[in-house]
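Build me a model from this:
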Amino acid sequence: EVQLVESGGGLVQAGGSLRLSCAASGFTVDDYAIVWFRQAPGKEREEVSCISTSDGTTDYTDSVKGRFTVSSDNDKNTVHLQMNSLKPEDTAVYYCAAGRFKGCTGGPYQARFYWGQGTQVTVSS
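Have a look, this model is predicted:
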């Protein structure tokens, strides 16, 4: 059974950092692309970042480029999203999702996704 469990969310002041983790089970992250999404209250869900360890590609939405870094720890079957210089507008529930495609070359990514339960990130001003 494919399962994804996010962790690492919390409350942080603007300018601070958080590291989200997405622990995968039931599959190996090397066989799937992992996409981080976020959804703020009253807003549509948006793609934040993508990592495809099979070909080493990553992708970020413009608003987080230079601040967020996605990485994969294949030994632990876990993907991380390091978020630095956080802004109040980064406040959202963050989800990781696994899709069976290769190559993070720019969204929107079309796939059947397996989803985690989400983790809340709140950035205070």
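
can you pull the pLDDT of the most centrally placed residue in the chain?
In the chain, the residue lying closest to the centroid (Cα atoms, centre = their mean) is residue 36, at 2.5 Å. Here the pLDDT value assigned to residue 36 is 98.

Go ahead and list the helix or strand containing it.
strand 33-39 (DSSP states H and E).

Name the residues of that strand that are buried.
33, 34, 35, 36, 37, 38 (16 or more other Cβ atoms under 10 Å). Backbone N, C-alpha and C define where each C-beta goes, glycine included.

So what are the sheet partners of that strand and their directions?
For strand 33-39, the paired strands and their directions (DSSP bridges) read strand 46-52 (antiparallel), strand 92-99 (antiparallel).

Which one, of the ones you listed, ends up nearest to residue 26?
strand 92-99 (9.4 Å; Cβ to Cβ).

quick check: mean pLDDT across the closest one?
On average, strand 92-99 scores 97.

how about the strands paired with strand 33-39 in a markdown table, adding mean neighbour count?
As requested, those are exported to a markdown table (neighbours: other Cβ atoms under 10 Å):
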| stretch | mean neighbour count |
| --- | --- |
| strand 46-52 | 23 |
| strand 92-99 | 22 |
